[in-house]
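> 3D model of this:
(chains A and B)
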Amino acid sequence: AQTVTQSQPEMSVQEAETVTLSCTYDTSENNYYLFWYKQPPSRQMILVIRQEAYKQQNATENRFSVNFQKAAKSFSLKISDSQLGDTAMYFCAFMNDDKIIFGKGTRLHILP
Amino acid sequence: GAGVSQSPSNKVTEKGKDVELRCDPISGHTALYWYRQSLGQGLEFLIYFQGNSAPDKSGLPSDRFSAERTGGSVSTLTIQRTQQEDSAVYLCASSLAAGLNSPLHFGNGTRLTVT
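Numbers count the residues shown, from 1 in each chain, chains lettered A, B, ... in the order given. Have a look, this model is predicted:
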C-alpha cells in the first residue's frame, strides 16, 4: 500500500527566508503524480504545485519549487522569499489511478 | 459559483442524532471525493464517486456512514447515530475525472461537532 510521510509536524521561519518542507512516499508503482496542497486557516485546500513522476525536471510555480528524487521517493517543497500569507498547513499527496493519499501535514508559520 | 460548495459550513449536533452533509461539485467534474480531517490529523479518505457510482467505499469508518450521489452532481454524506469521535471537518473535492492527473478542487468543508 502506498504511504505518504511528512516528518515535520510544525515549522517556523522568518518572513523573506527560504524554507523546505519534506515529504517521502512509498510505492511500487512507476507512474504516479505528486502534489502539494496548502490549507490556510480558512480551511480551503489550495493546490500549490504538482509533479508527474515520469518527468525528471522539477516543477516550479513562482516562489514554489519541488525537489523530486524518484529513486529516493522524496518530494520536498521549497518556498522562496516566504510571505506572511504562506502561513498554513501544507499537505503532500500521492496519486496513482484513482487513489489519492495525503500525508499528515506540516504546519508552517511565517514570522514577521 | 465556480468552486466546490459544501453545506452547512458548521454543524453542531447531539450524540445519537443523524446528520447530512452536502457537496456541490464544480460543474462538469465527474469525480467526487469525501475526506475527513480530525484535529491535527491529515486527510482520511472516506469514499469517492465516478459519476453516480462509488468504486471505492473502503474508507468509510463504519456502517453508520453512507454517501450517495445523484445526477452525477450533488453528493450527500450521511452519518447516522453520531458519536463524539465523528467530530471533524468533512472535506469534499471534485476533479474532472478520477486519476488522469486531475487535481482535486476542494470545498471549504463542514465542521461537525458532536456534543
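> okay, CA-based contacts and neighbour counts for the rest of this
Will do.
> mind checking the SS state of residue A:90?
strand (DSSP: H, G, I helix; E, B strand; the rest coil).
> what's the neighbour count on residue A:81?
13 (other Cα atoms under 10 Å in any protein chain shown).
> Quick check: neighbours of the lowest-mean-pLDDT helix or strand in chain B in the sheet, parallel or antiparallel?
Counting by mean pLDDT, DSSP states H and E, the weakest-scoring helix or strand in chain B turns out to be strand B:53-56, with a mean of 85. Sheet pairing of strand B:53-56 (DSSP bridges) gives strand B:43-50 (antiparallel).
> Count the neighbours of residue A:55 for me.
Neighbour count for residue A:55, taken as other Cα under 10 Å: 11.
> Doesn't it lie inside a strand?
No: Residue A:55 is assigned coil when assessed by three-state DSSP, not a strand.
> confidence score at it?
What the model reports as pLDDT for residue A:55 is 89.
> Flag every residue of chain A that's near chain B.
Applying Cα under 8 Å from any Cα of the partner chain, we find that chain A lies next to chain B at A:33, A:42-47, A:91, A:95-99, A:101-105.
> filter the residues you listed to the buried ones?
Buried members of the residues of chain A next to chain B, counted by 16 or more other Cα atoms under 10 Å in any protein chain shown: A:33, A:43-47, A:91, A:95-96, A:98, A:101-105.
> What about those, which are in strands?
A:33, A:46, A:47, A:91, A:95, A:96, A:101, A:102 (DSSP state E).
> Quick one: which of those has the lowest pLDDT value?
By pLDDT, residue A:96 ranks lowest within these, coming in at 80.
> Please name the residues that touch the residue of chain A found nearest chain B.
When scored by Cα to the nearest Cα, chain A has residue A:104 as its residue closest to chain B, at 3.7 Å. Going by Cα atoms under 8 Å, 6 or more residues apart in numbering or on different chains, residue A:104 touches A:5, A:6, A:9, A:91, B:40, B:41, B:42, B:43.
> What does it show for phi and psi?
phi -80, psi -10 (degrees, to the nearest 10).
> so what's residue A:9 up against?
Applying Cα under 8 Å, 6+ apart, the residues near residue A:9 are A:104, A:105, A:106, A:107.
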